[in-house]
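Novice: no FASTA, just this:
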């Protein structure tokens, strides 16, 4: 039976001090066994990178403990290493020196350092580039240096933080293949691999086990095995079926509207966050769905068709659900009549539909009320931000405000003056608000 | 990239740390002054020979002093800057302290330092040490700020990589922190050396009342030439000084810059890497390569292992301060309070009329500094834009400007002063000129750098839009230059305040010329040994400079950072 290598027990990460506390990671329990290749997937902001830093000991969790081979970890784990998304090579050291530094830090004698570094660079196919500087290499080659450096310390646990996402498609694919070959043939002393990724296909292609996380707060919502033999053809039905399953878990199920849009800001608890998306891409998603038979599609097929990452697709889906344009169930996405109307509308009509939808969102109704009550219908950005900070931590509050302003500008509800940093009601927005107030009054 | 980035911590305008800092400085000056009372009242100085043949020897002495001071500056920088960057609690005190220290008039510190040393050491050694300390204080602050800011801006992923690969403190310093800070440290070192030369004369020719603490060196040679009114010797002295400066530029700074180009963080090759003939020569030298293979490499490898053993792994998390630490801090606090009380006692002894003179003096000096800054802005902006916008001119002129900037204006000052004293208000003009000569270069450097950094496509756009030349200045050039101008002006104004001490009060042999100003007050208080006045005037100047920095420059700096940064 396989031996547990790493164990997380009730790991929780909280930022800020009461009363403004925000839970980044909530009570995570996870065991990684010897011989496993685990992929950690989840939407951005779910804390998967933070978890990786906690696992390697770079960061200490607020509570809970990390056990490595049964002993509690204090400080950086000497048996683990990270391959970074942005490579994290020292730009002033040559390729060989970059690898040597890792060896030197382990106290390997200088003479052996050079020899071992050259061997490792050979193994990843970088012979001849020993004296090059990282800036002279392509992205794929830089990441090879990253791998060589990670392997130099012969880690038992190899952690990878989105290692392929900064590479072009071809280099990424080649490098995935290389790594899998080293791993499946047992050519490296590594006992387990943990890879953080937002690319679901990549996770299914490489890992034996996929741990799915969700955000607000960051937690594990699923843990599934991938029992497919390597190499895994990406078009095989079994492969696609697995990808579909992960999408189904991540995209969840569209809830009734009052659950979907969340609680009002005046109520206690954390309100629903607005997803950070491109409005243009939202429109192209809806247009694409409108052209499909029965206006529905398999989620997993969309990233390729729309040329976006699976991460971006999930954010778009999230936004479209929130606005009532689509419904999602079991990994399928379907346009609602409203979504269809939006997709077929003119530019101006789209803005009107969008405007009427976002006014239902708690964050917007709160913002519009505040602006309506303010003198000249305008408020300094800092005032709004301050108010939002009672609900979100600083960075999130800034992001939420930025998204709200972008959406509000598109809907012609809200205007923002960058030089004076004031948010105000757009004249069109005022008219719309007056009309809806009138309508309410007439109904009474 | 801003070449000379003055330290501008961007958090609060004022904090409780500032108060602590002001008290510390008052106490430091006060305790020096107490010691000063105990020195003998007459001290004989050395003979300074005006023979040109003695110049090489003098030059070596002066270079040695600047080198020693620079060595201390680096050491201080690494310790102080690292402490401020690593420990959040230390940061709260160390940063405001640094900010105030850099606006303390160096020259008024000298008598205090010198006299307190001379109580403990023989006069000659005390003078050497004091002159090194003075040069140190003219070099160290910007270096420390540069180091601190570099440490704070190391990319997170590189920091994490060093953590995960278990680099110990020494390896981290050698492979991460030092390379990352290298370029900024080299530029700031050049500026520091220029600052050192500027105050060389003051540092080598010091007399307090009847006590003569002069030291043999280039600075005292020039001073002696002025005192004896020997133009021949004066020219020799200035010539030797310029020669030394050019030599350093060509043999040390240029090669270092060319070598340090590899430490740029950018992942793209730079288009016009800095070049140096001397560096090329060194690089092609076989002998040097052999030496590096057989001596330098093995030594550095041993050093890595040895220092690695001494420097343990980074500790995790903040360590709780022990009760011993608390007692120690408590003692320091009590000492500070007592010192502050005594300093206050001394300040009370300054008569009311003198406070009036001090306030007037601050105002007069402020006026002079503003005029000097205005003149500097008026000529450096057009000239800098002209040079910066023409890459070919810049390539030729920039090294020349850099050399010109490091030639200390103080060396020419006696000549200037002699010339202007013939006119009405002559010393006023001369003082403004000295401030101007000492500080305009910072502005010019920054304007050149700013003009060179204006993106080509924006320049094309203004041409395509047929903007008139005034419109072009208004919409593109001035906004783009704004952050650079502010950066340069902050450094320049700080320098001008400091220069007022040498500019407003001059001694020619036995004749003394002075004008109304805070600098003159400080210089006079030193000369006659009026310590309460010295303390009061110095604190007033520190206060004025800090206030102006906080409430004027830092606001502009923030505006520049937020609104006018071309990214």
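Specialist: Thanks, I have it. Owing to the predicted nature of the structure, the values given are computational and were not obtained by experimental measurement.
Novice: from here on, contacts and neighbour counts on C-alpha atoms
Specialist: Will do.
Novice: in terms of pLDDT, where does residue B:102 sit?
Specialist: Per-residue pLDDT puts residue B:102 at 73.
Novice: once you drop chain neighbours, what's closest to it?
Specialist: With C-alpha to C-alpha, 6 or more residues apart in numbering or on different chains as the measure, residue B:141 is the residue that lies nearest to residue B:102, at 5.7 Å, once sequence neighbours are left out.
Novice: how many other residues sit next to residue 438?
Specialist: In the absence of a named chain, this looks at chain A. 12 (other C-alpha atoms under 10 Å in any protein chain shown).
Novice: to clarify, I was referring to chain B.
Specialist: 25.
Novice: quick check: it is in a strand.
Specialist: No: counting by DSSP: H, G, I helix; E, B strand; the rest coil, residue B:438 is not part of a strand but helix.
Novice: mind checking pLDDT for it?
Specialist: Looking at residue B:438, the pLDDT reads 76.
Novice: relative to residue B:387, how far out is it?
Specialist: Taking C-alpha to C-alpha, to the nearest Å as the measure, residue B:438 falls 20 Å from residue B:387.
Novice: try residue A:64
Specialist: On the measure of C-alpha to C-alpha, residue A:64 and residue B:387 end up 61 Å apart.
Novice: who has more neighbours, those two?
Specialist: Per other C-alpha under 10 Å, whichever of residue A:64 and residue B:387 has more neighbours is residue B:387, with 23 against 15.
Novice: I'd assumed residue B:394 was in contact with that one.
Specialist: Yes: using C-alpha atoms under 8 Å, residue B:387 makes contact with residue B:394 at a distance of 5.2 Å.
Novice: quickly list what's touching both of those two.
Specialist: Shared contacts of residue B:387 and residue B:394 (C-alpha atoms under 8 Å, 6 or more residues apart in numbering or on different chains): residue B:448.
Novice: A helix includes residue B:275, no?
Specialist: No: per three-state DSSP, residue B:275 lies outside any helix segment and is coil.
Novice: which residue is the nearest non-sequential neighbour of it?
Specialist: residue B:258 (5.2 Å).
Novice: my guess is the one you found contacts residue B:279. True?
Specialist: Yes: at 7.1 Å, residue B:258 counts as touching residue B:279 under the criterion of C-alpha under 8 Å.
Novice: so, low pLDDT: which residues of the stretch 1-150 of chain B?
Specialist: B:1-21, B:28-29, B:31-47, B:103, B:105-111 (pLDDT under 70).
Novice: can you get me a residue count around residue 261?
Specialist: I'll assume chain A. Neighbour tally, residue A:261, other C-alpha under 10 Å: 22.
Novice: please refer instead to chain B.
Specialist: Applying other C-alpha under 10 Å, I find that residue B:261 has 17 neighbouring residues.
Novice: what distance do you get for it to residue B:180?
Specialist: Counting by C-alpha to C-alpha, the gap from residue B:261 to residue B:180 is 11 Å.
Novice: before we move on, back to that, so the residue nearest to residue B:102 sits against residue B:100, correct?
Specialist: No: counting by C-alpha under 8 Å, residue B:141 does not reach residue B:100; the two are 9.9 Å apart.
Novice: more crowded one of the two?
Specialist: residue B:141 (25 against 20).
Novice: picking that back up, could you say which helix or strand holds the residue nearest to residue B:275?
Specialist: helix B:254-260 (DSSP states H and E).
Novice: and the helix or strand just after that helix, what other elements does it pack with?
Specialist: Once the chain leaves helix B:254-260, the next helix or strand it forms, by DSSP H and E, is helix B:277-283. When contacts are defined as 3 or more C-alpha pairs under 8 Å, 6 or more residues apart in numbering or on different chains; DSSP states H and E, helix B:277-283 sits against helix B:254-260.
Novice: chain center to the helix holding residue B:258: distance?
Specialist: 21 Å (C-alpha atoms, centre = their mean, to the nearest Å).
Novice: kindly report the same for stretch B:160-168.
Specialist: How far stretch B:160-168 lies from its chain's middle: 34 Å, per C-alpha atoms, centre = their mean.
Novice: who touches it?
Specialist: So stretch B:160-168 is contacted by A:56, A:58, A:76-78, A:80-82, A:88, A:102, A:105-106, A:153, B:172, B:176, B:308, B:311-314 (C-alpha under 8 Å, 6+ apart).
Novice: now do stretch A:87-98
Specialist: In contact with stretch A:87-98 (C-alpha under 8 Å, 6+ apart) are residues A:114, A:117-118, A:121, A:129-135, A:142-143, A:145-146, A:149, A:163, B:157-158, B:161, B:175-176, B:179, B:262-267.
Novice: try it again with 6 Å
Specialist: A:130-134, A:143, A:146, B:157-158, B:262-263 (C-alpha atoms under 6 Å, 6 or more residues apart in numbering or on different chains).
Novice: how about stretch A:148-159?
Specialist: By C-alpha under 6 Å, 6+ apart, the list of residues contacting stretch A:148-159 reads A:79-82, A:99, A:120-121, A:190-195.
Novice: what packs against the lengthiest helix in chain B?
Specialist: Scanning chain B for the helix with the most residues, using DSSP state H, yields helix B:352-389. In this structure, helix B:352-389 makes packing contacts with helix B:391-406, helix B:426-452, judged by 3 or more C-alpha pairs under 6 Å, 6 or more residues apart in numbering or on different chains; DSSP states H and E.
Novice: again, only using 7 Å
Specialist: Judged by 3 or more C-alpha pairs under 7 Å, 6 or more residues apart in numbering or on different chains; DSSP states H and E, the packing partners of helix B:352-389 are helix B:391-406, helix B:426-452, helix B:478-503, helix B:518-528.
Novice: mind listing which of the contacts of stretch A:87-98 are in helices?
Specialist: Per DSSP H, the contacts of stretch A:87-98 map to helices at A:143, A:146, B:157-158.
Novice: residue B:520: which of these is nearest?
Specialist: Of all those, residue B:520 sits closest to residue B:158, with 50.5 Å by C-alpha to C-alpha.
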